[in-house]
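Undergrad: Provided below are the primary sequence and the corresponding predicted coordinates.
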Amino acid sequence: MIAKSKILISVFAALFLLLLGIQVYFMYKTYQVKERDIYRSVNDGLTHYTDNLEDIQEAKERNDDSLQEIIIQYHNKEISKKDFLHYFIENRKSARERLIHYIESRYQKDGYEISSRIRYLSIVHLPDSAKVITEPIVIFETKDKIKNPHIASNGSWETSTTKRNDTDKGHVEKRNTFLVKTQTDFEIRNIKSIVFKELTLLIICCIILLSGVLLLYIFTIRNLIKQQKQVEFLHTIVDNISHEFKTPIATLKIASKALKKEWNPETLPLVDRQISRLESLMFQLHKDEIPDEMIEIQPEDWNFFIQDLSVTYPDIDFNLENVISQNLPFDKNLMETVIKNLCENSVKYGASAVKVNISNSSQQLEIKVSDNGQGMETKELNNIFEKFYRIQNNNIHNSKGLGLGLYFVKKIIANYGGKINVSSQLNLGSNFIISIPYEN
């Protein structure tokens, strides 16, 4: 059973880890797809807008030879690089402002934090393929710099000075042609928070699913452990069931030996009482209630209970003080169970002397049982009457039992409307005081 439980626990753990891995992989892939979708959406918008800006700027520059003149001057080293860059930046100032306005109006309202940049990657003088610039020129960049750029678009266009040939009508001659390659890239700085925000519902569902499986796993393991304990407890009950019948059986054996040796008129009543005791024990194991047929207890029955205990435990000093002089409306078998369970409990926990006081006054039966045994800790007193409860630490004789003795005592007293009090100290013994009301 234990081996099977361990295998089942291992299978549960493996399946849960597999499910966890699948969920993590699924969430990771979903995150990647969502991130690509967001970048694609932003990319399409920026590409379309920047293409329009470039078309407008290109058309303007083709009608204006100033750009070509500046490039030619820089190519011929007539102006410095600083002046050359200053011209490009100032020339695209209006385009930059329009792009910033577009980003703010189009994306910031949706919570996107976008960094963008436009660069001239290269300017090549086509007639001789000479490079005008050796490194990219940043024409536009947002205040927040790009750290991990995603390329939005690449483009190229030509600019050149033109001259119409009057001898050949319609012919346009191009001179000083330059090929300009541009690149517009961008980055969504808060892409992670945006994706997680949009995946919140999915993440919550996955967490609920995993939590449900984990709770089911824990619940199953707890049930397995509980069942395992119940099985072990059942084995303990089966192994120790004979303890409840030990006293009457031992007494019957002694009586049988006595009969074999010599006739004693007191032996047969002793046998009858122990047979009744066995029947009572069997009844208690199957039914926790007062029997329908009651045998009224007589004054001498209290003495017989103690005599039986003295025969069974000859080494124990049982001292009885019985002042009962009349029949009482209590079942004989149940009262025998009360007296013998209390006394045997004292013997089990190390008592060498047990004192029993039986008295009645004011329509109330009082039973006092005290011993000089090992006693009990105060914290145990609230538990000793629970079903199947057994004190292990003080069980110096390692006596086995079901933990039913005091439970039956409590049950019988409660059914009669009585009460039981117990006081005890370690190494000083225990005292049980029972009070049961009755009517004539």
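TA: All right, it came through fine. Numbers count the residues shown, from 1 in each chain.
Undergrad: dump the host helix or strand of Asp185 to CSV, restricted to CA.
TA: Under the criterion of DSSP states H and E, Asp185 resides in strand 172-188. Extracted as CSV, the C-alpha positions of strand 172-188 are listed here (Å, rounded to 0.1, in the frame of the first residue of the first chain):
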residue,chain,number,x,y,z
VAL,A,172,16.8,65.9,-69.7
GLU,A,173,20.4,65.5,-68.7
LYS,A,174,21.2,64.4,-65.2
ARG,A,175,24.4,65.6,-63.5
ASN,A,176,25.8,65.0,-60.0
THR,A,177,23.4,62.2,-59.2
PHE,A,178,23.3,61.0,-55.6
LEU,A,179,21.7,57.8,-54.2
VAL,A,180,20.4,58.3,-50.6
LYS,A,181,19.5,55.2,-48.5
THR,A,182,17.3,55.8,-45.4
GLN,A,183,16.2,53.7,-42.5
THR,A,184,13.4,54.4,-40.0
ASP,A,185,13.4,52.2,-36.9
PHE,A,186,11.5,52.3,-33.6
GLU,A,187,11.1,50.6,-30.2
ILE,A,188,8.2,50.2,-27.8
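Undergrad: that strand: which residues count as buried?
TA: Within strand 172-188, the residues that qualify as buried are 176, 178-180, 182-188, counting by 16 or more other C-beta atoms under 10 Å. (Glycine included, C-beta is placed from N, CA and C.)
Undergrad: got a markdown table for those residues, with pLDDT and distance to Arg390 too?
TA: Shown next, in a markdown table, are these (pLDDT from 0 to 100; distance: C-beta to C-beta, whole Å):
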| residue | pLDDT | distance to Arg390 |
| --- | --- | --- |
| Asn176 | 69 | 108 |
| Phe178 | 76 | 101 |
| Leu179 | 83 | 97 |
| Val180 | 80 | 95 |
| Thr182 | 82 | 89 |
| Gln183 | 83 | 84 |
| Thr184 | 80 | 83 |
| Asp185 | 83 | 78 |
| Phe186 | 83 | 76 |
| Glu187 | 85 | 72 |
| Ile188 | 85 | 69 |
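Undergrad: now render these as TSV, adding distance to Ile295.
TA: As requested, the buried residues of strand 172-188 are arranged in TSV below (distance: C-beta to C-beta, whole Å):
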residue	distance to Ile295
Asn176	132
Phe178	125
Leu179	121
Val180	119
Thr182	113
Gln183	108
Thr184	106
Asp185	103
Phe186	99
Glu187	96
Ile188	92
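Undergrad: where do the helices sit along the protein?
TA: Ranges of helices within the chain are 2-62, 66-75, 81-91, 93-106, 191-198, 200-240, 246-261, 267-286, 299-312, 332-348, 405-415, based on DSSP state H.
Undergrad: which stretch among these comes nearest Ser370?
TA: Nearest to Ser370 among the helices of the chain is helix 332-348; the distance by C-beta to C-beta comes to 8.3 Å.
Undergrad: that closest one - contacts with which helices or strands?
TA: helix 267-286, strand 296-297, helix 299-312, strand 353-360, strand 364-371, helix 405-415, strand 429-437 (3 or more C-beta pairs under 8 Å, 6 or more residues apart in numbering; DSSP states H and E).
Undergrad: pull the residues that contact the fourth one.
TA: Identification of contacts with strand 353-360 by C-beta atoms under 8 Å, 6 or more residues apart in numbering yields 302, 306, 316-324, 326, 328, 339, 343, 346-347, 365-372.
Undergrad: put the buried members of those into a ChimeraX selection.
TA: To isolate in ChimeraX the members of those that are buried, counting by 16+ other C-beta under 10 Å, one can use:
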select :302,306,316,318,320,322,324,328,339,343,346,347,365,366,367,368,369,370,371,372
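Undergrad: alpha carbons of stretch 423-437, as PDB, please.
TA: In PDB, the C-alpha atoms belonging to stretch 423-437 read as follows (Å, rounded to 0.1, in the frame of the first residue of the first chain):
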ATOM      1  CA  SER A 423      -7.700  14.800  38.500                       C
ATOM      2  CA  SER A 424      -4.200  13.400  38.100                       C
ATOM      3  CA  GLN A 425      -0.500  14.300  38.700                       C
ATOM      4  CA  LEU A 426       2.500  12.600  37.200                       C
ATOM      5  CA  ASN A 427       4.000   9.900  39.500                       C
ATOM      6  CA  LEU A 428       1.200  10.500  42.100                       C
ATOM      7  CA  GLY A 429      -1.700   8.700  40.600                       C
ATOM      8  CA  SER A 430      -5.200   9.500  39.400                       C
ATOM      9  CA  ASN A 431      -8.600  10.100  40.800                       C
ATOM     10  CA  PHE A 432     -12.000   9.500  39.100                       C
ATOM     11  CA  ILE A 433     -15.200  10.800  40.700                       C
ATOM     12  CA  ILE A 434     -18.500   9.700  39.100                       C
ATOM     13  CA  SER A 435     -21.900  11.100  40.100                       C
ATOM     14  CA  ILE A 436     -25.100   9.600  38.600                       C
ATOM     15  CA  PRO A 437     -28.600  10.800  39.600                       C
END
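Undergrad: hmm, Asp185 and Asn154 touching each other?
TA: No - counting by C-beta atoms under 8 Å, Asn154 does not reach Asp185; the two are 9.2 Å apart.
Undergrad: distance of the closest residue to Ile133 other than its chain neighbours from Ser80?
TA: Distances taken as C-beta to C-beta, 6 or more residues apart in numbering place Ile123 nearest to Ile133, at 5.1 Å, with adjacent residues excluded. The gap separating Ile123 from Ser80 is 16 Å, by C-beta to C-beta, to the nearest Å.
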